[in-house]
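In: I would like to see how this sequence folds:
(chains A and B)
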Amino acid sequence: MISAKKGDWVQIHRIELKPSERSSNLPQDTQSVPLEVWQKGFATHDAIMGDEIEIETVIGRKAKGELVKVNPEYEHNFGKPVAELLTIGAELRKILGGEENE
Amino acid sequence: MNSDMSYDAVMNRKNEIMKNAVGIDYNDFESGSIAFEYEKMMKEVGYTLNEIREIQSYTSVGNTPLIELRNLTKIARMISAPGKGARIFIKDEAANPSGSFKDRRASVSAYRAKALGYEGIIAATSGNYGAAVASQAAINGLKCIVVQEVFDSKGKGQPEILEKGRKCEALGAEVVQLTVGPELFYTSLCLLEKTGYFNASLYTPFAISGIETLGYELAEQVKTRTGKEPTAVIITHAGGGNVTGTARGLLKAGCKNTKVIGASVNLEGLHMASDRDFNRKSFTTGHTGFGVPFATWPDRTDVPRNAARPLRYLDRYVTVSQGEVFYITEALAQLEGMERGPAGNTSLAAAFAIAQEMNEDEIIVVQETEYTGAGKLPSAQLTFAKLMGIEVRRGDPADDKPGERIVIPEHPSQIRVKDMDLDKMKRSYVKNCVTAYSKSKIRPEDITFLAEDTKSDVNYIKNTLDELAP
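Out: Sure thing, here's the model as predicted:
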């Protein structure tokens, strides 16, 4: 069972507005799902994954929610090599070089 | 503290919360009808250009390099008619502390918050503005919360926004991440009420006056370098602040003949509040989903009167496709040695096409770049697009279809701009004003205001109003 100890850097999740509580002026796909929120901070007490936990954020505010991650990582990256982009530089240099390079 | 935190109750307290959070009483500038005293608001609430330069120099904002893009200019000339192909310059705004022109905007808000004794500052934005506010808050010793729209209902996030969130955290801000929806604004109101922090709205007079230095600086730099005024300045257009502030700065530098051109990425057909469409776009700002509604109804924002009023300044408004912006981003890196963007390069794509309509002795200035890195790269964005089922291929960008297909040009001559119908947008704005203030009679001062606010004249407004009359 994954758990967080007091002082661990964690991520919490909670429902901010249920579908019925949301703005009435939304497209259908958005209207049918809740408004959810994620925050990060230091656990103020021990907790098990999925439990409600209180955190203290980096600016010292308290927030509560379901514990979803301990040591949450950044997972975005540079992407995969994109074939559609790889030759653009060489193509442009060829144009720039003009006839004398052909 | 009011305990009713329901959506409607909080939205009904909007004006009261905002008054406490920006320290402006907008009633001072109201007329009770369509007209309000725009210049008086900018003068009394904003700062003079010299004051702003001083505020910005304290936090190392501004004085960014102006760079001539010689290789891109050369290619534009090779593919245009003889004698055509204006010199293309770019203002390297990525050189600001947090990596974009948004530092100019945030610097004045943070200065104001500090001067008025606020403990912290809040911004609701998924763009570079979050990092700018976080950076300026760090320098000024203010606490900072950034509220972002990040995930769809499956918890999947745009890499570009995830990176912007990481950057805010790196600069010491608390980041509140939300799923898709305009209730980003509701959440930010709740936080403003709870914390008593300053609202670093993008649309206050301080935020807009902060950008005036960008237009002023580039005018001075172009004059020093070339002995001429810029023929045209091209500005990536989303909420309207970039256009408004830059144009006002150009005017303050005496460039009355410089053409002000706005450019947005075309995202026609995608709904900005749709959970499904959210991750089917590769640009989260600088697109028509903001550009059109904010131009035709600027007062839709978080402040009663928006200081960003793009129709007041725009001479032309064009769109480019997502594929064209990715292509020019590659070109900027590979030919000019500058890895920047991609969203900030929207205006560069448009400038490359428009330069070919202009004469060789003319000058077109792209007024921004933005920092780049993991998440915020063509490769990251296109990898994500493919994962979301978007087709990516080389071809004629005319075949681009937002949400379905991104077409990367096969040749630079395929980069073209599409002109938006500014006349139609001006009429739409007048119509929105009439609808919003339908209870009051339209007075002569309203007509004068609308003429100024649409860069038109009294007869144009009278004709438009006649057409609208039932």
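
In: can you show me the helices along the stretch 351-470 of chain B?
Out: B:378-387, B:422-436, B:444-453, B:458-468 (DSSP state H, counting those that start in this stretch).

In: how about those in TSV, adding mean pLDDT and mean neighbour count?
Out: C-beta coordinates here come from the backbone N, C-alpha and C atoms, glycine included. As requested, the helices of the stretch 351-470 of chain B are arranged in TSV below (pLDDT from 0 to 100; neighbours: other C-beta atoms under 10 Å in any protein chain shown):
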stretch	mean pLDDT	mean neighbour count
helix B:378-387	97	22
helix B:422-436	95	18
helix B:444-453	96	18
helix B:458-468	94	15
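
In: out of these, nearest to residue B:153?
Out: Nearest to residue B:153 among those is helix B:378-387 (16.5 Å), distances taken as C-beta to C-beta.

In: tell me the contacts of residue 44?
Out: Using chain A here. When the contact criterion is C-beta atoms under 8 Å, 6 or more residues apart in numbering or on different chains, the partners of residue A:44 are A:6, A:53, A:54, A:55, A:56, A:62.

In: that's the other chain; I wanted chain B
Out: Neighbouring residues of residue B:44 by C-beta under 8 Å, 6+ apart: residue B:28.

In: surely it is within a helix?
Out: Yes. Residue B:44 sits within a helix when classified using DSSP: H, G, I helix; E, B strand; the rest coil.

In: what's the helix or strand for residue B:234?
Out: Counting by DSSP states H and E, the secondary-structure element that holds residue B:234 is strand B:232-236.

In: list the helices and strands that strand packs on?
Out: Under the contact definition 3 or more C-beta pairs under 8 Å, 6 or more residues apart in numbering or on different chains; DSSP states H and E, strand B:232-236 sits against helix B:241-252, strand B:259-265, helix B:346-355, strand B:363-366.

In: strands along the chain, start to end?
Out: Using chain A here. If you assign secondary structure with DSSP state E, the strands in chain A sit at A:3-4, A:9-17, A:35-43, A:47-48, A:52-56, A:62-70.

In: not quite, go with chain B.
Out: Defined through DSSP E, the strands belonging to chain B, from first to last, are B:66-68, B:87-91, B:120-124, B:143-151, B:174-179, B:198-199, B:232-236, B:259-265, B:316-320, B:363-366, B:391-395, B:405-409, B:418-419.

In: neighbours of residue 97, how many?
Out: Went with chain A since none was named. Using other C-beta atoms under 10 Å in any protein chain shown, the number of residues around residue A:97 comes to 10.

In: sorry, should have said chain B
Out: Counted with other C-beta under 10 Å, the burial measure for residue B:97 works out to 18 neighbours.

In: isn't residue B:344 up against residue B:367?
Out: No. Taking contacts as C-beta atoms under 8 Å, residue B:344 lies outside contact range of residue B:367: 9.7 Å.

In: what touches both of these two?
Out: With C-beta under 8 Å, 6+ apart as the test, residue B:344 and residue B:367 both reach residue B:93.

In: rewinding a little: show me how far the strand holding residue B:234 is from its chain's centre.
Out: Its chain's average C-alpha position is 12 Å from that of strand B:232-236, according to C-alpha atoms, centre = their mean, to the nearest Å.

In: residues touching it, excluding its own?
Out: The set of residues that contact strand B:232-236 without belonging to it, under C-beta under 8 Å, 6+ apart, is B:86, B:215, B:218, B:242-243, B:246-247, B:250, B:258-264, B:286, B:343-344, B:346-347, B:350-351, B:354, B:358, B:362-368.

In: list the strands paired with that strand, with their directions.
Out: Sheet pairing of strand B:232-236 (DSSP bridges) gives strand B:259-265 (parallel), strand B:363-366 (parallel).

In: okay, the longest one in PDB with CA atoms only?
Out: Okay, so that is strand B:259-265. Below are the C-alpha coordinates for strand B:259-265, written out as PDB (Å, rounded to 0.1, in the frame of the first residue of the first chain):
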ATOM      1  CA  LYS B 259       0.600  49.600 -39.800                       C
ATOM      2  CA  VAL B 260      -0.600  47.500 -36.800                       C
ATOM      3  CA  ILE B 261      -1.300  44.000 -37.900                       C
ATOM      4  CA  GLY B 262      -2.700  41.200 -35.600                       C
ATOM      5  CA  ALA B 263      -2.100  37.500 -36.300                       C
ATOM      6  CA  SER B 264      -3.800  34.500 -34.800                       C
ATOM      7  CA  VAL B 265      -3.500  30.700 -35.400                       C
END
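
In: touching it from outside, list them.
Out: B:231-238, B:243, B:246-247, B:250, B:283, B:286-288, B:290-292, B:295, B:310, B:313-322, B:325, B:343, B:346-347, B:349-351, B:354, B:417.

In: relative to strand B:316-320, how tilted is it?
Out: Our comparison of strand B:259-265 with strand B:316-320, counting by axes from the mean of the first three to the mean of the last three C-alpha atoms, to 10 degrees, yields an angle of 30 degrees.

In: buried set for strand B:259-265?
Out: Buried residues in strand B:259-265, defined by neighbour count with 16 or more other C-beta atoms under 10 Å in any protein chain shown: B:259, B:260, B:261, B:262, B:263, B:264, B:265.

In: now do it and helix B:241-252, the angle between them.
Out: Following the same axes, to 10 degrees, one obtains 170 degrees for the angle between strand B:259-265 and helix B:241-252.

In: now strand B:259-265: how far from the chain's centre is it?
Out: Per C-alpha atoms, centre = their mean, the centroid offset for strand B:259-265 relative to its chain is 11 Å.

In: then stretch B:316-325?
Out: Offset of stretch B:316-325 from its chain centre (C-alpha atoms, centre = their mean): 14 Å.

In: ok, residue A:78 touching residue B:374?
Out: Yes. Using C-beta under 8 Å as the test, residue A:78 is close enough to residue B:374 to be in contact (5.3 Å).

In: you'd agree residue B:278 is up against residue B:180?
Out: Yes. In this structure, residue B:278 is within contact of residue B:180 by C-beta under 8 Å, at 4.5 Å.

In: which residues do these two both contact?
Out: Common contacts of residue B:278 and residue B:180, defined by C-beta under 8 Å, 6+ apart, comprise B:149, B:152.

In: endpoint to endpoint, stretch B:294-306 covers what distance?
Out: Taking C-alpha to C-alpha, to the nearest Å, stretch B:294-306 runs 10 Å from one end to the other.

In: pull out the buried residues from that stretch.
Out: Of the residues in stretch B:294-306, B:294, B:295, B:296, B:297, B:298, B:301, B:302, B:303, B:304, B:305, B:306 count as buried by neighbour count, 16+ other C-beta under 10 Å.

In: quick revisit: looking at the strands of chain A, which is closest to chain B?
Out: The closest approach between chain B and any of the strands of chain A, judged by C-beta to the nearest C-beta, belongs to strand A:35-43 at 4.3 Å.

In: now residue B:242: how far from chain A?
Out: In this structure, residue B:242 lies at 25 Å from chain A, with C-beta to the nearest C-beta, to the nearest Å as the measure.

In: leaving out the residues flanking it, which one is nearest to residue B:340?
Out: Once flanking residues are discounted, residue B:340 sits nearest to residue B:369: 4.0 Å by C-beta to C-beta, 6 or more residues apart in numbering or on different chains.

In: before we move on, back to that, nearest to chain A, of the buried residues of strand B:259-265?
Out: Here the nearest of those to chain A, counting by C-beta to the nearest C-beta, is residue B:265; it sits at 17.0 Å.

In: any idea what the closest one is bridged to?
Out: Counting by DSSP bridges, residue B:265 is bridged to residue B:287, residue B:320.

In: distance of it relative to residue B:308?
Out: Between residue B:265 and residue B:308 the computed distance is 19 Å (C-beta to C-beta, to the nearest Å).

In: cool, residue B:284 as well?
Out: 18 Å.

In: now swap in residue B:388 and tell me
Out: Taking C-beta to C-beta as the measure, residue B:388 and residue B:308 are separated by 31 Å.
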